[in-house]
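Asker: Got a predicted model here, sequence first, then my questions.
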Amino acid sequence: MALILPNHLTVKEGHLYIGKHDCVSLAEEYGTPLYVTDEERLRSNFTRYDEALKKHYPDVQLLYAAKANGNLTIMKIFASLGAGADVFSSGELHMALLAGMPPEKLLFNGSSKTREDLSLAVEKGVKVSLDSFDELRQLNEIAGEAGKIVEVSFRINPAIDVPTHPKIATGLATSKFGIKADQIVDAYRAAMECPNVVPVGMHCHIGSQILDVEPFAKAAEIMVRVAGEITDLGVRLSFIDIGGGLGIPYNHETEVAPTPQEYADAVVPVFLKGIQKLGIKPQLWVEPGRNLVGDTTVLLSKVNSVKTSHKKFVNIDAGFNLLLRPAMYDSYHEVIVANKADMERDTEYTVTGPICETGDIIAADRKLPRTEDGDIVAILDTGAYGYSMASQYNCRPRCPEVMVFGERSGIMRRGESVIDILNTMKKLPWHEK
Ligand SMILES: Cc1ncc(COP(=O)(O)O)c(C=O)c1O
Ligand SMILES: N[C@@H](CCCC[NH3+])C(=O)O
């Protein structure tokens with residue numbers, strides 16, 4: 001079967017192109033390993049998602065899940081298109097503000113926030129999604145000390161099983177996230193009794209890389225049902241946040257993902273029916289990450305060597321230090337030999353990285369064209385949870401990130417050097433001569 005490529009990826013004269021750029025030339029110009037993102041694709045992904053939801057309900061706010069790809073340039077592009085953000089740390093909050101996202105479009109999420117995180121949210125006037133009664137008490141104290149009132153939601157655990165990798169299902173009854181069903185009303189009641197906190201929203205997120213719209217519709221139904229219970233308490237809901245999680249096709253031969261329109265068609269009517277019944281008009285907040293950025297990016301890597309032992313290995317210069325997903329979740333990413341993109345894929349290889357771990361496998365048992373050292377491989381769909389989960393394992397500096405836009409290309413994050421890594425290390429006073 002042939003690979004079906006998204007339309008920003010094409011093959012011309014045997015080479016893989018991203019937008020108007022030959023991946024092989026980009027690898028030569030900027031070196032490898034290299035993340036390359038297509039700005040036009042970022043923009044069109046955002047618009048497609050936003051429009052799909054707004055077709056049903058104009059009062060929708062997209063909160064980009066910054067954890068998917070926290071590059072400031074990308075955050076700025078989304079900010080310019082009207083996005084807010086789901087931020088999960090003080091660092092992501094700083095990034096979102098720096099990108100120009102207004103505080104009222106940000107939600108500080110997390111199941112284990114520090115007092116410093118909560119203080120920053122209070123200082124910046126950002127809404128907080130609370131994940132425990134302890135956090136409610138702490139936030140109320142911190143806001144009181146600052147003489148401020150903070151708007152909050154609770155993260156609701158809808159206890160929904162979702163068809164995805166167990167490590168990224170977040171709304172199971174057993175997950176660490178959220179408040180369980182029989183404690184939700186108590187949580188809102190407790191919040192209403194806190195003088196420095198005002199509950200104005202509800203939040204949930206059922207998981208990531210979900211390729212079926214049904215669980216989202218089910219979650220929306222639970223959310224509006226709970227909305228009824230807490231409206232009865234006297235809470236005036238200004239937003240209901242149904243999280244992110246819509247997946248993308250990673251296997252371009254076999255996987256099909258619902259489009260954002262199919263997602264919106266399944267989910268928003270459930271939400272609308274619920275709020276109409278309650279006679280309320282909260283904003284609908286949605287927190288996509290992967291769907292906006294996942295397919296925008298390729299990771300380019302050079303083949304260092306090819307070896308035949310019990311199978312054929314292609315050893316490349318990017319490993320799980322730069323793309324953790326295959327090692328962590330057994331995730332599938334398409335691999336294309338960028339300088340042999342039109343050649344027949346007739347040889348089976350396992351593509352491995354340079355990390356000193358047996359599990360450093362980017363792609364196992366894949367058919368590729370006959371491959372040799374010096375070839376450039378493109379690992380597709382690496383825009384979400386790629387760079388953002390990268391590490392410096394084996395003292396390997398993280399690689400640069402390049403953006404392409406029309407004829408132009410430029411570095412949006414420089415590569416690190418070994419000196420950068422060394423510069424964070426200090427000599428202990430008792431080791432000084
Ligand atoms: C709270 C929250 N919102 C949004 C997202 C974004 O998920 P996705 O990238 O699957 O859309 C995540 C990640 O799973 C998350 O934890
Ligand atoms: N990091 C995961 C997604 C989890 C998102 C955060 N809750 C992945 O690469 O698929």
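Answerer: Nice, I can see it. Ligands and ions are numbered 1, 2, ... in the order given.

Asker: Who does Arg413 form a beta bridge with?
Answerer: As for beta bridges, Arg413 partners with Glu401 under DSSP bridges.

Asker: Confirm for me that it is in contact with Pro400.
Answerer: Yes - if you go by Cβ atoms under 8 Å, Arg413 and Pro400 touch, sitting 6.1 Å apart. Where C-beta positions appear, they are placed from N, C-alpha and C, glycine not excepted.

Asker: How about the contacts made by the nearest residue to Tyr188 once chain neighbours are set aside?
Answerer: If you skip the residues right next to it in sequence, Tyr188 has Ile230 as its closest partner in space, 4.6 Å away by Cβ to Cβ, 6 or more residues apart in numbering. Ile230 is in contact with Ile184, Val185, Tyr188, Pro199, Met202, Leu237, counting by Cβ atoms under 8 Å, 6 or more residues apart in numbering.

Asker: Mind checking which of those residues are buried?
Answerer: If you count burial by 16 or more other Cβ atoms under 10 Å, the buried members of the contacts of Ile230 come out as Ile184, Val185, Tyr188, Pro199, Met202, Leu237.

Asker: ok, back up a step: distance check, the residue nearest to Tyr188 against ligand 2.
Answerer: 25 Å (Cβ to the nearest ligand atom, to the nearest Å).

Asker: Show me which residues of whichever helix or strand that residue is part of are buried.
Answerer: Element membership of Ile230, judged by DSSP states H and E, is helix 214-233. Residues 215-224, 226-227, 230-231 are the ones in helix 214-233 that count as buried (16+ other Cβ under 10 Å).

Asker: From the contact counts, what lies against the following helix or strand past it?
Answerer: Remark: after helix 214-233, the chain's next helix or strand is strand 239-241, criterion DSSP H and E. With contacts defined as 3 or more Cβ pairs under 8 Å, 6 or more residues apart in numbering; DSSP states H and E, the secondary structure elements packing on strand 239-241 are strand 197-203, helix 214-233, strand 283-286.

Asker: for those, which one sits closest to Leu42?
Answerer: Proximity to Leu42, assessed across these by Cβ to Cβ, is greatest for strand 283-286 (17.0 Å).

Asker: That closest one near ligand 1 anywhere?
Answerer: No - Strand 283-286 lies apart from ligand 1 when judged by Cβ under 6 Å from any ligand atom; the minimum separation is 8.9 Å.

Asker: Buried residues, that strand. List them.
Answerer: Of the residues in strand 283-286, Leu284, Trp285, Val286 count as buried by neighbour count, 16+ other Cβ under 10 Å.

Asker: how near is the residue lying closest to the second one once chain neighbours are set aside to ligand 1?
Answerer: Translated: Trp285. Closest residue to Trp285 apart from its sequence neighbours, by Cβ to Cβ, 6+ apart: Asp241 at 3.7 Å. Spatial separation of Asp241 from ligand 1 under the definition Cβ to the nearest ligand atom is 8 Å.

Asker: ok, Asp241 touching His203?
Answerer: Yes - at 4.3 Å, Asp241 counts as touching His203 under the criterion of Cβ under 8 Å.

Asker: got any residues that touch both of the two?
Answerer: Where contact means Cβ under 8 Å, 6+ apart, the residues bridging Asp241 and His203 through contact with each are Leu107, Ser129, Ser153, Trp285.

Asker: what sits against the last one?
Answerer: Listed by Cβ under 8 Å, 6+ apart, the contact partners of Trp285 are Val60, Gln61, Leu62, Leu63, Gly84, Leu107, Gly201, His203, Phe239, Ile240, Asp241, Ile242.

Asker: Let me have those residues in CSV, extended by distance to Val293.
Answerer: Output for the contacts of Trp285, formatted as CSV (distance: Cβ to Cβ, whole Å):
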residue, distance to Val293
Val60, 19
Gln61, 18
Leu62, 13
Leu63, 14
Gly84, 16
Leu107, 18
Gly201, 25
His203, 21
Phe239, 23
Ile240, 24
Asp241, 19
Ile242, 19
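
Asker: Tabulate these (CSV), appending neighbour count, pLDDT and distance to Ala378.
Answerer: Formatted as CSV, the contacts of Trp285 follow (neighbours: other Cβ atoms under 10 Å; pLDDT from 0 to 100; distance: Cβ to Cβ, whole Å):
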residue, neighbour count, pLDDT, distance to Ala378
Val60, 20, 98, 34
Gln61, 19, 98, 34
Leu62, 25, 98, 29
Leu63, 27, 98, 30
Gly84, 23, 98, 32
Leu107, 28, 98, 35
Gly201, 22, 98, 41
His203, 29, 97, 37
Phe239, 19, 98, 40
Ile240, 25, 97, 40
Asp241, 27, 98, 35
Ile242, 26, 97, 34
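
Asker: Tell me the one of those nearest Ala264?
Answerer: Comparing the contacts of Trp285 against Ala264 with Cβ to Cβ places Val60 closest, at 8.9 Å.

Asker: Three-state assignment for the closest residue to that closest one other than its chain neighbours, please.
Answerer: Taking Cβ to Cβ, 6+ apart, and ignoring the residues beside it in sequence, Val60 has Leu53 as its nearest neighbour in space, at 4.4 Å. Using DSSP: H, G, I helix; E, B strand; the rest coil, the structure places Leu53 in helix.

Asker: Can you get me a residue count around Leu53?
Answerer: Under the neighbour criterion other Cβ atoms under 10 Å, Leu53 is assigned a count of 24.

Asker: Paired strands for the top strand by length along the chain, with orientation please.
Answerer: Taking residue count as the measure and DSSP state E as the definition, the longest strand of the chain comes out as strand 297-308. Neighbouring strands of strand 297-308 in its sheet, by DSSP bridges, are strand 34-38 (antiparallel), strand 312-316 (antiparallel), strand 376-379 (antiparallel).

Asker: Once you drop chain neighbours, what's closest to whichever residue of the stretch 201-350 of the chain sits closest to ligand 2?
Answerer: Nearest to ligand 2, among the residues of the stretch 201-350 of the chain, is Ser208, at 4.0 Å (Cβ to the nearest ligand atom). Beyond its immediate neighbours in the sequence, the residue positioned closest to Ser208 (Cβ to Cβ, 6+ apart) is Ile168, lying 4.3 Å away.

Asker: that older thread, pick out whichever of the buried ones among the contacts of Ile230 sits closest to Val24.
Answerer: Val24 lies nearest to Met202 out of those, by Cβ to Cβ, at 49.2 Å.

Asker: quick one: the closest one from ligand 1, how far?
Answerer: Met202 is 13 Å from ligand 1, where distance means Cβ to the nearest ligand atom.
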